[in-house]
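*Asks:* Test case, fold it:
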Amino acid sequence: MIDKIGENFCSGKYSYAISLFKKDTVDDLNKSIEVFKQILNYKDSRDLIEKAKQRIDEIKAQTQKDLIEAEYQAAIRQFNSSSKETIQIALNTFKRLGSYKDSLDYKEKCYRKLHELEL
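*Replies:* Predicted coordinates:
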């Protein structure tokens, strides 16, 4: 009887953890890890913990890439301004972005544009 209760407990936890895992968000993946840890030796819980950790890393890396791209696009819009202050903000962003895409080229273009606006 205890074995059946234990099996039902693990099965329920496992199903819940799988449902969290499938939602594919950082919060839900972290929650699934916590649930899988409660049933570590049940089915493939250990493997799914590792897969959840890998997926979290992938999501965070993609989020970081998206933020960098958004910053780059904003700097291009700022570069197209006629305001020295806004171009200076773009210059600072391109400096921070380093060798991302053509940020180095835009950095030089900002210097030239700022020089032209001073004339």
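*Asks:* Helix or strand with the lowest mean pLDDT in the chain?
*Replies:* helix 2-23 (a mean of 90; mean pLDDT, DSSP states H and E).
*Asks:* neighbouring contacts of that helix?
*Replies:* 28-29, 31-32, 35-36, 38-39, 42-43, 45, 48, 51-52 (CB atoms under 8 Å, 6 or more residues apart in numbering). All C-beta atoms are positioned from the backbone trio N, CA, C, and that covers glycine.
*Asks:* what comes up buried for it?
*Replies:* Neighbour counts over helix 2-23 (16 or more other CB atoms under 10 Å) mark 10, 13-14, 16-17, 20-21 as buried.
*Asks:* Let me know how buried Y42 is, in neighbour terms.
*Replies:* 17 (other CB atoms under 10 Å).
*Asks:* three-state assignment of it?
*Replies:* coil (DSSP: H, G, I helix; E, B strand; the rest coil).
*Asks:* Relative to F36, how far out is it?
*Replies:* 8 Å (CB to CB, to the nearest Å).
*Asks:* still on that earlier bit, after the least confident helix or strand of the chain comes which helix or strand?
*Replies:* helix 26-38 (DSSP states H and E).
*Asks:* Check which helices and strands that next one is in contact with.
*Replies:* Here helix 26-38 touches helix 2-23, helix 45-79, going by 3 or more CB pairs under 8 Å, 6 or more residues apart in numbering; DSSP states H and E.
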